[in-house]
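Asker: one predicted model, sequence on top.
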Amino acid sequence: MDKSIEALKTWALARLHWFGQSAFQLRTETGLAVFIDPFRVPARAGPADLILITHPHQDHYDKKSIEGLRKEGTTIVLPRSCVEPGQMALSAGESLSFGPLSVTGIAAYNLTRRFHPRAGGWLGYVIEVEGVRIYHAGDTDLVPEMADLHPDIALLPVGGFLSMDGHAAAEAAGIMKASLCIPMHFGMLLGGRGAGARFVHRLGDGGLLLDRA
């Protein structure tokens, strides 16, 4: 696949839909529907084939949204530390295959704040599909595990307080050598509605602001 910035932007606009906060839908060329941290996502956006949850906070693990999106056979993946019966557990460094895509757990945590402890075993995810490597960071600070990720597209929190703000997210983008970065986790509960635009302005051509679905 063409990995130019413009080609990645075109791909992201066609494949990724943002519902606010950290909630995304990824729809593959074959029609597979993947939801990440669905929060206040309407049932009409589904059904979901695969749901990835980064951690158990309510704005990421919204059981009402999950129930609206799930169908018979929907696979739901959570960090091993908070998995429930009937769900699939994943830990940092572990991978799974699901149809045409692979998913790898990446450690997500705060370095000094107590909101997302490293001991929780909570996750971000790297998803590889259609030749594109996508990193959804979950709720995290700039952590050493980011250094070797080299994603084509990084979905990064920019709201601050609970996780990275726009300055830290921009620094993370450089450290992980992300080609294209899309801001998340702002405008609903934290960060203000302008935080995403400020982040994209900071990155220049390497940033893309998605409209909310």
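Answerer: Everything's here; your move.
Asker: packing partners for the helix-or-strand element of the chain with minimal mean pLDDT?
Answerer: Across the helices and strands of the chain, mean confidence by mean pLDDT, DSSP states H and E is lowest for helix 195-203: a mean of 94. The contact analysis (3 or more Cβ pairs under 8 Å, 6 or more residues apart in numbering; DSSP states H and E) places helix 195-203 against helix 166-176, strand 180-184. In this view, the C-beta of every residue, glycine as well, is placed from N, C-alpha and C.
Asker: quick one: closest of these to residue 8.
Answerer: Each of those has some distance to residue 8 by Cβ to Cβ; the shortest is strand 180-184, at 4.5 Å.
Asker: what angle do the closest one and helix 166-176 make?
Answerer: 150 degrees (axes from the mean of the first three to the mean of the last three Cα atoms, to 10 degrees).
Asker: what helix or strand does the residue of the chain most remote from its centre sit in?
Answerer: Computed with Cα atoms, centre = their mean, the maximum C-alpha offset from the centroid of the chain is found at residue 72, amounting to 24.0 Å. Assigned by DSSP states H and E, residue 72 falls within no helix or strand.
Asker: need phi/psi at it.
Answerer: Note on residue 72: its backbone torsions stand at phi -60, psi 120 [degrees, to the nearest 10].
Asker: what pLDDT does it get?
Answerer: Per-residue confidence (pLDDT) for residue 72: 95.
Asker: residue 190 too?
Answerer: At residue 190, pLDDT is 66.
Asker: also residue 1?
Answerer: Here the pLDDT value assigned to residue 1 is 79.
Asker: quick check: it vs residue 97, distance?
Answerer: Distance, residue 1 to residue 97, by Cβ to Cβ, to the nearest Å: 19 Å.
Asker: likewise for residue 42?
Answerer: Taken as Cβ to Cβ, the span from residue 42 to residue 97 is 29 Å.
Asker: report the buried residues of stretch 164-178.
Answerer: 164, 165, 166, 168, 169, 170, 172, 173, 176, 178 (16 or more other Cβ atoms under 10 Å).
Asker: the fifth one reaches residue 181, doesn't it?
Answerer: Yes: Residue 169 is in contact with residue 181 according to Cβ atoms under 8 Å; the separation is 7.3 Å.
Asker: anything in contact with each of the two?
Answerer: 156, 199 (Cβ atoms under 8 Å, 6 or more residues apart in numbering).
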